[in-house]
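> Take this sequence and fold it.
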Amino acid sequence: MAAPRVIHTAQALVDAVVEVPRLPARGGNVMATSSRRYAGGAVTTLLAAARSGARAVHAGSVGTGPNGDLVRAVLEAEGVALSAPRVDGLDTGVCLVLVEPTAERSFVTTEGAERQVTPASLATSAPAAGDFVCVSGYSLAGATRDPLLAWLESLPAHVHVVLDPGAAFAEAAPRVREAVLARTAVWTGNAEEAETLAGVHGLAEAAQVVAGLLPPGAVTVVRDGPRGCLVREGGRESRLPGHPQRPVDTNGAGDTHTGVLLAERVAGLGWPQAAVRANAAGALTVTRRGPDTAPTRAEIDAFLERAR
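Now for the predicted structure:
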């Protein structure tokens, strides 16, 4: 029997990453120090999962044109399958990422072929028992919302839905949030997202409230940047320390954490043990520029050996 897969339903975009000494004042100008195009969005999680040995599938839509070609080329080079047919006549959108010297990021995103999903196009990924299906809060707005909700309702119970809420989840309509949370088996977000959803401050307090919004047996993972993460499972709480680094680019660190976390769970590790490796992967990622810099399993092994 084949191992479960990591399937992502969210938008695969092209990140146009521009490093700037500071953000310009409104109406002003600033000279960039570098610029580069990467495949980003859902691609980051999928690459991280694949580089840690998981079978990974992108169920979202990819366009035709230079942006779509870049997304396809990056995924195919890493052995990530693309299940949905390409969208003819429309290219994939772009996320402009402004990176400051502190590694803080600001985003401007366009919309394109990645928003052209249907229940039928998502269903091409054919989730099976044990698969992890990733959902982004950013998919719960605009044209992707209703097709995604309809498809999620059709999934059998033995398929694990993984929610990465992002900042957008808090802005979704209450009925949308409730419908997705009711189907979520794994909630993984950062401390700010947990506190916003929970309406309380404190990592442990927010994790406990979030866990209470999920079905019985669900797992809650709250990332806390360089301090590591908290895993709450079955009423038990584990705090897994991080590895503070001097960051050069934090873009994609959370998505990398999620991809490695799920890949290691597929490989048979418990959630706390998987989170140890995910913390190491996130630490390595912030020392590298770009969203496609997830480490390999061997690089994580070497990092953890050095940390010991």
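
> Apart from its chain neighbours, what residue comes closest to R227?
Of all residues not flanking R227 in the chain, G242 sits nearest, at 5.1 Å (C-beta to C-beta, 6 or more residues apart in numbering). In short, each C-beta sits where N, CA and C put it, glycine included.

> pLDDT score assigned to the one you found?
For G242, the model assigns a pLDDT of 94.

> Please, where are all the helices along the chain?
42-51, 66-77, 119-123, 145-154, 174-182, 191-198, 203-212, 253-266, 271-285, 297-307 (DSSP state H).

> Name the residues of the fifth one that are buried.
Neighbour-count burial for helix 174-182 flags 176-177, 179-181 (criterion: 16 or more other C-beta atoms under 10 Å).

> Distance across stretch 155-168, terminal residue to terminal residue?
23 Å (C-alpha to C-alpha, to the nearest Å).

> residues of that stretch that come out buried?
Result for stretch 155-168 [16+ other C-beta under 10 Å]: buried residues 155, 159-166.

> where's the dip in pLDDT among the residues you listed?
Lowest pLDDT among the buried residues of stretch 155-168: G166, 92.

> Do I have it right that that residue meets L140?
No. G166 is beyond contact range of L140, at 9.2 Å (criterion: C-beta atoms under 8 Å).

> Would you reformat the buried residues of helix 174-182 as a markdown table and include pLDDT and distance to G225?
Compiled in a markdown table, those are given as follows (pLDDT from 0 to 100; distance: C-beta to C-beta, whole Å):
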| residue | pLDDT | distance to G225 |
| --- | --- | --- |
| V176 | 96 | 28 |
| R177 | 96 | 24 |
| A179 | 96 | 30 |
| V180 | 97 | 25 |
| L181 | 97 | 24 |
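
> beta partners for V162?
C134, V186 (DSSP bridges).

> ok, it touching S136?
No. At 9.7 Å, V162 does not count as touching S136 under the criterion of C-beta under 8 Å.

> Next one: the nearest residue to P215 once chain neighbours are set aside relative to H160, how far apart?
Leaving aside its chain neighbours, P215 sits nearest to A182 (6.5 Å; criterion: C-beta to C-beta, 6+ apart). Counting by C-beta to C-beta, to the nearest Å, the gap from A182 to H160 is 14 Å.

> Over to A278?
16 Å.

> and R105, how many residues sit next to it?
R105 has 16 neighbours, counted by other C-beta atoms under 10 Å.

> show me the contacts for it.
97-99, 249-251 (C-beta atoms under 8 Å, 6 or more residues apart in numbering).

> Check the residues you listed and tell me the two furthest apart.
L98 and T250 (12.6 Å; C-beta to C-beta).

> Check the residue lying closest to V286 once chain neighbours are set aside and give its pLDDT.
Once flanking residues are discounted, V286 sits nearest to P247: 4.0 Å by C-beta to C-beta, 6+ apart. pLDDT for P247: 86.

> how many neighbours does P247 have?
Around P247 there are 18 residues (other C-beta under 10 Å).

> Pretty sure it sits against T287.
Yes. If you go by C-beta under 8 Å, P247 and T287 touch, sitting 6.9 Å apart.

> So V222 sits against A211, correct?
No. With contact taken as C-beta under 8 Å, V222 and A211 are classed as non-touching, separated by 9.8 Å.

> Please enumerate the shared neighbours of those two.
Common neighbours of V222 and A211 (C-beta under 8 Å, 6+ apart) are R232.

> of the two, who's got more company?
Using other C-beta under 10 Å, the more surrounded residue of V222 and A211 is V222, with 26 against 21.

> that older thread, residues in contact with the residue nearest to R227?
So G242 contacts 224-229, 279, 282-283 (C-beta under 8 Å, 6+ apart).

> I'd say V176 and G142 touch.
No. V176 sits out of contact with G142 when judged by C-beta under 8 Å, with a separation of 11.9 Å.

> Can you tell me, leaving aside adjacent residues, what's nearest to the residue nearest the centre of the chain?
Centroid check for the chain by C-alpha atoms, centre = their mean gives D255 as the closest residue, at 3.5 Å. Closest residue to D255 apart from its sequence neighbours, by C-beta to C-beta, 6+ apart: T44 at 3.9 Å.
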